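J.: Model the following, please.
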Amino acid sequence: MAALLACGWAQAQSGPVRLLVGFPPGGGTDAIARTLADKLKDQLGMPVVVDNKAGAGGQLAAQALKAAAPDGLTLFLSHDHTISILPQVVKNPGYDSAKDFVPVAGFATFVNALAVSGGTPARSVNEYVAWVKAQGAGKGTVGVPAPASTPEFLVGVIGKKYGLDLVAAPYRGSAPMMADMLGNQIAAGTGSVPDFIENHKAGKIRVVAVLGAQRQAILPDVPTFAELGLHGFEDLPYYGIFAPAGTPKATIDKFSEALAKVVAQPEVKDRLTAMGLTVGFMDAAALGKREQAYTKVWAKLIKDSGFVAQ
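T.: Got it, this is the predicted structure:
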C-alpha cells in the first residue's frame, strides 16, 4: 500500500515537500518535525524538507503557508499557538486560520508546564514561590517561547494565584529560552513538556508542575496545576499539519494516510512519546473539530483575562 501511495503522490506532484515550522532549529517543534519528515519521505516517495521560518510565534511560517500554492508541496506543522491562539491576540496576524488553511491531519496532544532552572533550589511550585518571595520580594521573570501565548497567560495566572509579581519574558522559540535557563539567565520558564523533557531528564532544569487533567506518564512525580488548585486549563493543546486553502482533498487524503502510517510505527511513536507527546492520529475532520473546540475554550479564557489584542 505504501508503494502505491508513493507512486500516486509522485505522479501528481514534483519536487520536495516543504514542511514549514514556525520556530528555530533545536526546539521541541523542530525536533518533532524532523522526526516525522524523515519517515514521511519513505511513505511519499519524495524528499520532505523542514523549513524553519522562525519569528512572531509562528506567524511568519503561517503567512508563508497562506502565500504558498495549494499543490500539496508546502505544508505547515504547528501546535495550537499559531493556529488557535495567535489570531485572537494579534489584531492583524496576516492570516485567518479558518479561511486560509485546511487541516490535513493531527498526530498528538501535549501539556504545558512550569520549569525552574538549575540555579534555583526549588523542587516544587511552593518552593519556587517561596524562593521568588525571598530573593526578589515577590518579583520574578519567567521565560515564554512566544509572546501572547498560552505559556504567557499561564505566567499571569500563576502570579495571581500565588501573589507574585511575575513578568513574562518572550523569546523567539523554546530553544533560546532554554539556553538562558541552562545558563541561569532566567530562573523559570513556561512552555510545552517537549520543550523541557530532555533537560529535565538530564537534571539540568526541573519541571515542577504541568497543566492538564492528569499527570503525564513521562513525568509521574510531577503534579498537575489542578492538583495544586489551579483549574480551567485541562483542555489539551494539539499538534497538527495544515495546508493552504484550496488544496485538493485527494492530496490531503494521501498525505493524511502517509502520516497515519508514520505515527503508527513503533519507533516513531516511542520517540514522540519520549519527547512528552501523547500520540494519537487525527484525520482532517477530527483535527478540524479539535482546532475549533480548543479555539473556543481559549476565546473565553482570553476574554476573561482582560487581554486586549495588540
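J.: Look at I302 and say how many residues are nearby.
T.: For I302, the neighbour count with other Cβ atoms under 10 Å is 18. All C-beta atoms are positioned from the backbone trio N, CA, C, and that covers glycine.
J.: I'd say it and Q88 touch.
T.: Yes: using Cβ atoms under 8 Å, I302 makes contact with Q88 at a distance of 5.5 Å.
J.: ok, and for stretch 128-147, which residues are buried?
T.: Buried residues in stretch 128-147, defined by neighbour count with 16 or more other Cβ atoms under 10 Å: 128-129, 131-132, 140-147.
J.: I misspoke; the intended subject was stretch 180-189.
T.: Residues 180-181, 186-189 are the ones in stretch 180-189 that count as buried (16+ other Cβ under 10 Å).
J.: What is the nearest of the residues you listed to L211?
T.: Checking these against L211 with Cβ to Cβ, the nearest one is G189 at 14.2 Å.
J.: How is the closest residue to that closest one other than its chain neighbours assigned, secondary-structure-wise?
T.: Closest residue in space to G189, ignoring its immediate chain neighbours: G143 at 3.8 Å, by Cβ to Cβ, 6 or more residues apart in numbering. With DSSP: H, G, I helix; E, B strand; the rest coil as the basis, the three-state label of G143 is strand.
J.: Could you give the bridge partners of G143?
T.: A169, G189 (DSSP bridges).
J.: If you rank every helix and strand of this protein by mean pLDDT, what lands last?
T.: Lowest mean confidence among the helices and strands of the chain (mean pLDDT, DSSP states H and E): helix 2-12, at a mean of 44.
J.: What is the subsequent helix or strand relative to that helix?
T.: Using DSSP states H and E, the helix or strand that directly follows helix 2-12 along the chain is strand 17-21.
J.: The helix or strand just after that next one: how far from the chain's middle?
T.: Per DSSP H and E, the first helix or strand lying C-terminal to strand 17-21 is helix 28-44. Centre-to-centre, helix 28-44 and its host chain are 15 Å apart (Cα atoms, centre = their mean, to the nearest Å).
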